[in-house]
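> When you get a sec, could you give me coordinates for this:
(one chain, ligands or ions: 1)
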Amino acid sequence: GQERLISARISRLTERWFLLIARDLTEQERLQQMRQDFISNTSHELKTPVGAITLLAEAIDTAADEPEEVRRFASRISAEAERLGQLTGRIMHLSRLQATDELTTFGDVAIDEVVTAAIESNAVQADSEGVELVRGGDRGLYVRGDAQILIEAVGNLIANAIAYSPRNSRVGIGVRGDGEAVDIAVTDQGIGISEADQERVFERFYRADQARSRRTGGTGLGLSIVKHAVYRHGGEVKLWSQPDRGSTFTIRLPRIEAPVREPERRPKSS
Ligand code: ADP
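Below you'll find the predicted structure:
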């Protein structure tokens with residue numbers, strides 16, 4: 001009897017171990033698959049500008065005695081090279097964000113400063129596209145995180161809002177804090193996103209058809225960078241949108257108390 005009991009217990013234990021190991025394996029397979037997909041998507045995306053540059057270089061060669069043509073091809077080569085540079089930069093950024101063991105510099109981050117910097121980095125673009133950036137909401141809110149990564153995330157949302165908006169429209173950047181979280185919302189009056197696309201726009205390299213025709217330089221990586229950046233901060237991204245009415249992307253982050261500042265020392269009056 002005793003022996004049977006022991007062997008039953010052992011088999012239950014092995015079963016549990018087996019389940020644990022199996023679960024770990026599927027998780028590893030899933031990660032492996034994700035990496036594989038990333039690499040194949042990425043190589044595919046990089047091939048397009050590389051192919052264009054190759055063709056244009058050949059075209060320059062055959063047009064050698066027509067200076068106008070040569071200049072035209074050269075400027076297209078430099079545009080493609082710029083796109084290639086932007087693409088590789090974004091891909092590296094994204095893969096760094098996804099490497100969970102990467103240590104980022106986490107500290108107390110003032111949302112006011114994040115929003116200011118994100119707006120500033122888009123000011124020239126907004127101006128040239130005739131879009132007004134309107135800032136509003138709560139001030140003096142803090143989160144724990146990496147300021148640079150958060151600036152880039154909010155900046156990407158603002159850049160999209162500008163790119164997918166008509167001239168003379170407004171983009172709102174609003175901040176709201178409650179007991180536990182800070183919401184940063186970017187709202188536009190632009191082309192909007194269909195319901196079917198709303199589920200997919202956070203995927204790497206995904207671009208809605210309308211977007212392709214509107215913003216030719218897009219990479220389809222901006223929103224997946226936003227998503228990963230926000231997840232790394234224990235937050236989430238929400239999207240509300242209606243075609244032809246506009247979109248609101250909201251980044252929600254866990255809130256912390258305002259950090260205690262060293263009281264400023266006043267010079268003694270003599
Ligand atoms: P990109 O803008 O470079 O194409 P993103 O990853 O930033 O790539 O966005 C993915 C897609 O989501 C865009 O191609 C576009 O279809 C859609 N999208 C993102 N932001 C907006 C917006 N504010 N308004 C309408 N569509 C948007």
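> what sits against the nearest residue to residue 233 once chain neighbours are set aside?
Leaving aside its sequence neighbours, residue 233 sits nearest to residue 145 (CB to CB, 6 or more residues apart in numbering; 4.6 Å). Using the backbone N, CA and C atoms, a C-beta is placed for each residue, glycine as well. Neighbouring residues of residue 145 by CB atoms under 8 Å, 6 or more residues apart in numbering: 106-107, 109, 232-233, 253.
> ok, now with 7 Å
By CB atoms under 7 Å, 6 or more residues apart in numbering, the contact set of residue 145 is 106, 109, 233.
> Give me the helices and strands touching whichever strand or helix holds residue 26, please.
Assigned by DSSP states H and E, residue 26 belongs to helix 2-62. Contacts defined by 3 or more CB pairs under 7 Å, 6 or more residues apart in numbering; DSSP states H and E place helix 2-62 against helix 67-98.
> Could you list the residues in contact with the lengthiest strand in the chain?
In the chain, taking DSSP state E as the definition, the longest strand is strand 246-256. For strand 246-256, the external contacting residues (CB under 7 Å, 6+ apart) are 108, 141-144, 153-154, 157, 177, 180-190, 192-193, 230, 233-241.
> Using neighbour counts, pick out the buried residues of it.
246-253, 255 (16 or more other CB atoms under 10 Å).
> Relative to it, what are the paired strands and their orientations?
Paired strands of strand 246-256, with direction, are strand 142-145 (antiparallel), strand 181-188 (antiparallel), strand 236-242 (antiparallel) (DSSP bridges).
> Need the contact partners of the longest one.
Pointing back at strand 181-188 there. Contacts for strand 181-188 (CB under 7 Å, 6+ apart): 111, 115, 141, 143, 154, 157-158, 161, 164-165, 171-176, 246-255.
> filter those by proximity to the ligand?
161, 164, 247 (CB under 6 Å from any ligand atom).
> residues contacting the nearest residue to the second one once chain neighbours are set aside?
Setting aside the residues directly before and after it, residue 164 is nearest to residue 190 in space (CB to CB, 6+ apart), at 4.1 Å. Applying CB under 7 Å, 6+ apart, one finds that residue 190 lies in contact with 161, 164-166, 169, 246-247.
> let's see it at 6 Å
Each residue near residue 190 by CB atoms under 6 Å, 6 or more residues apart in numbering is listed here: 164-165, 246.
> Distance-wise, check it relative to residue 235.
24 Å (CB to CB, to the nearest Å).
> immediately after the helix-or-strand element of the chain with minimal mean pLDDT, which helix or strand?
Taking mean pLDDT, DSSP states H and E as the measure, the helices and strands of the chain show their lowest mean at helix 209-214, namely a mean of 68. Next helix or strand after helix 209-214 toward the C-terminus (DSSP H and E): helix 222-232.
> contacts for that following helix?
For helix 222-232, the external contacting residues (CB under 6 Å, 6+ apart) are 94, 97-98, 149, 153, 156, 201-202, 204, 237, 251.
> Relative to residue 6, which of the residues you listed is nearest.
Distance to residue 6 across the contacts of helix 222-232 (CB to CB) is lowest for residue 98, with 45.8 Å.
> Please work out how many residues are found near the closest one.
Counted with other CB atoms under 10 Å, residues neighbouring residue 98 total 18.
> do residue 177 as well
19.
> what's the answer for residue 239, then?
14.
> Show me the beta-bridge partners of residue 135.
Residue 135 has these beta-bridge partners by DSSP bridges: residue 173.
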